[in-house]
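Chemist: Turn this into a structure:
(chains A and B)
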Amino acid sequence: MSEQAIPTPGLVTTTPATRPRRQRPTLVHVVTAATLLAYAGMLATLLLANAAYLEPASFIEIFRSADLRFALRLSLVTATLATLLSLALAIPVAYALTRVRLRGWSLLDALVDVPMVLPPLVMGVTLLVFFQTPVGRLIEATGLRFVYSAAGIVLAQFLVVSPFAIRTIKASLDAIDPRVEDVARTLGYSPVQVFCRVTLPMMRGGIVAGAVICWAQAIGLFGPLMVFAGTTRRQTEVLATSIYLELSIGRIQMALAISMLMLAVALVTLWCLKRVMGPTRWI
Amino acid sequence: MSPGKALSIRGLATAVPGFTLRDVSLDVPPGQCMVVLGPTGSGKSMLAETICGLRQAAAGRVSIGDRDVTALDPARRRIGYVPQDHALLPFKNVQQNVAFALRAQRLPRREVQHRTADVLKILGMVALARRRVRELSGGERQRLALGRALAMRPELLLLDEPLASLDQRTAEQLIAELLRMRRDSGITSLHICHSLDEALSQADHLAIIRQGRMIQTGPPMRRIRRSENDGSHTSGCFHHCLVRGGAPRRPTFGSGWRWHCAGVTQYQCRCGRLWDPQSWWNKRKGMSWHLTPMEPQTPLLRRDRRACGGGSLWRASRWRCRSLMACTCSGSAA
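Modeler: Numbering: from 1, shown residues only, chains lettered A, B, ... in the order given. Prediction:
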């Protein structure tokens, strides 16, 4: 390969171009690298300690126990539903936040973020209190039961995770040059067509990333569920609830096994996110 | 392609907080090119957006041919708009970007394919048909944007600083391409730019805009000379100045209008001008004018001792002028 390369006059390279130039480490490099290593070491130690403590038999136990199978299934179903609901909300909301400009719009922008800074447990309490008010009672009276039910799990998860979807999708919308949409208008597309054929495809990366983040957050949510949906076995038990229940009856091995399962889910999610976030840079 | 339609703008006005564009009136005869020249922040892009309907006009009228398009949706104005930053669809490839422009018109699939292939052939981008936008160079992107705008066979081509993001060499290639495409399609065009060099290479008519007002319109040469008199070109955005035929004189370096006389009748352009300045100017004034780059506080031209053919060689002394006009003078003085 290198023998066939045409020598370029005036461009003398002594080292292969692929190898980066070795830098002399400065104090800043040393300190920051040490911090990084300490942090990575801490995480690795925690994971290894848990893994060492875990008995593999309890993993099999998860799938044998009907209770836990139910919890796993309910977790997957509710998290997926909450994610879909969040996306259905987040796409129009993010679009309105970036593209519509009205007086006081920044206030709405801040309001949308409130659930993100609110402790999730507070959201649970808020919901519980809301359904005791006349309006809440009216909603429950129509037959849609939220308090201490699976629908309540979805509602709580949706409220807690939707800001993440809005933020992520809004970030992807901010990165889109509105001029692309403008040009599509001049080419003869109506505003609705522009949204469907230009804006939505360009938001794709943000939508997928938002969905992944929402789903991961929803799977792991526990605080508001305990308050609002309860911790009833085979009714409102999701994986996070299972950990709590197993711990409360002293079955640490089971709690740990479920934790590891959730960790695996989280790692897969993280990997998906990296895959998705990678190629979204357009130009 | 569709024959050009005349563009007529009467008393156009629009405003954003802190800036108003008012009383813009223009007339571009069918098939001709009007260049709107103005410094950054003078409202040029705003004018373009208002013409193609992306911005609401507060007052005035825009008509193309005998159609009044002032109140029309941008989708129905049939204006081929090429913005500065090309605005191609990043998730589509070259071919799909062109086809996207044609799909809007609900053409049959076969017709879309056929016309897309035609456009790619004209652009010389057949080999790049499957490339993603991010895999194209700046010049190719801009060319594609131009092709996309022309694919829909618009009645007016609206170019908003199409060359601003390109390097000089690519810009000159694109200018040549623009001239060719305009000639082939006979389309009326409105070209917005801030470079006098670019303007003069394109313009049949020139309009100068400053601070949201159209200050001059008319054929290029007279406008420029008038702007010399009232100093309206000294806004720092024009990097070039005219060289007028006559007795050789040293370049003067002060503020405002600077010129020097090459004093020649024959010259050739080392960087290859895209129009023939000799015939272009002679046709108008019977006098040889041509362009020479000037940068503020930069001695641009120096006399080169290597005289050629009895004349003198004036060359740009700074690298940034290399690709602009450095002309080799030969022959005798006028």
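
Chemist: tell me which parts of the stretch 1-150 of chain B are close to chain A?
Modeler: B:49, B:52-54, B:73-77, B:79-81, B:83, B:85, B:87-91, B:100-101, B:104-105, B:133-134, B:148 (CB under 8 Å from any CB of the partner chain). In this view, the C-beta of every residue, glycine as well, is placed from N, C-alpha and C.

Chemist: Give me the buried subset of the residues you listed.
Modeler: Buried members of those, scored by 16 or more other CB atoms under 10 Å in any protein chain shown, are B:49, B:52-54, B:74-75, B:77, B:79-81, B:83, B:85, B:87-91, B:100-101, B:104, B:133, B:148.

Chemist: so of these, which ones are in strands?
Modeler: B:I79, B:G80, B:Y81 (DSSP state E).

Chemist: Closest to chain A out of those?
Modeler: For those, the closest approach to chain A (CB to the nearest CB) belongs to B:Y81, at 4.3 Å.

Chemist: and the gap between that closest one and A:V198?
Modeler: Counting by CB to CB, to the nearest Å, the gap from B:Y81 to A:V198 is 14 Å.

Chemist: Could you list every helix and strand that the biggest helix by length in chain A packs against?
Modeler: Counting residues, the longest helix found in chain A (DSSP state H) is helix A:66-99. If contacts are counted by 3 or more CB pairs under 8 Å, 6 or more residues apart in numbering or on different chains; DSSP states H and E, helix A:66-99 sits against helix A:56-64, helix A:105-117, helix A:150-174, helix A:200-220, helix A:239-248, helix A:252-277.

Chemist: and the residue of the stretch 101-250 of chain B at minimum distance from chain A, what does it touch?
Modeler: Shortest the stretch 101-250 of chain B-to-chain A distance, computed as CB to the nearest CB: residue-wise this is B:A104, at 3.4 Å. Residues near B:A104 by CB atoms under 8 Å, 6 or more residues apart in numbering or on different chains: A:A184, A:L187, A:G188, A:Y189, A:Q193, B:A75, B:M152.

Chemist: can you tell me which two in these are farthest apart?
Modeler: A:Q193 and B:M152 (14.5 Å; CB to CB).

Chemist: Helix or strand: which one has B:I9?
Modeler: strand B:7-16 (DSSP states H and E).

Chemist: can you tell me the average pLDDT over that strand?
Modeler: For strand B:7-16, the mean pLDDT works out to 91.

Chemist: Dump that strand to CSV, restricted to CA.
Modeler: In CSV, the C-alpha atoms belonging to strand B:7-16 read as follows (Å, rounded to 0.1, in the frame of the first residue of the first chain):
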residue,chain,number,x,y,z
LEU,B,7,-41.4,40.4,-12.5
SER,B,8,-42.9,43.6,-11.3
ILE,B,9,-42.7,44.8,-7.7
ARG,B,10,-44.5,48.0,-6.6
GLY,B,11,-44.1,49.7,-3.3
LEU,B,12,-43.4,46.5,-1.4
ALA,B,13,-43.0,46.8,2.4
THR,B,14,-42.6,44.5,5.2
ALA,B,15,-41.3,44.8,8.8
VAL,B,16,-39.8,42.8,11.6
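
Chemist: Leaving out the residues flanking it, which one is nearest to A:P224?
Modeler: A:G124 (2.9 Å; CB to CB, 6 or more residues apart in numbering or on different chains).

Chemist: before we move on, what SS does that neighbour have?
Modeler: helix (DSSP: H, G, I helix; E, B strand; the rest coil).

Chemist: pLDDT at it, what is it?
Modeler: 91.

Chemist: quick one, helices of chain B?
Modeler: Counting by DSSP H, the helices of chain B are B:44-51, B:94-103, B:109-123, B:138-151, B:168-185, B:196-202, B:220-230, B:277-285.

Chemist: now those as TSV including distance to A:S242?
Modeler: Listed next are the helices of chain B as TSV, based on distance: least, CB to CB, whole Å:
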stretch	distance to A:S242
helix B:44-51	58
helix B:94-103	49
helix B:109-123	54
helix B:138-151	54
helix B:168-185	63
helix B:196-202	69
helix B:220-230	79
helix B:277-285	83
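
Chemist: So for B:Q211, which of these sits nearest?
Modeler: Of the helices of chain B, nearest to B:Q211 by CB to CB is helix B:44-51, at 11.2 Å.

Chemist: May I see the buried residues of stretch A:180-199?
Modeler: In stretch A:180-199, counting by 16+ other CB under 10 Å, buried: A:180-189, A:194-195, A:197-199.

Chemist: Who are the contact partners of the nearest residue to B:T217 once chain neighbours are set aside?
Modeler: Counting by CB to CB, 6+ apart, B:A207 is the residue found nearest to B:T217 once chain neighbours are left out, at 4.2 Å. Counting by CB under 8 Å, 6+ apart, B:A207 makes contact with B:L26, B:M34, B:V35, B:V36, B:L37, B:M214, B:Q216, B:T217, B:R223.
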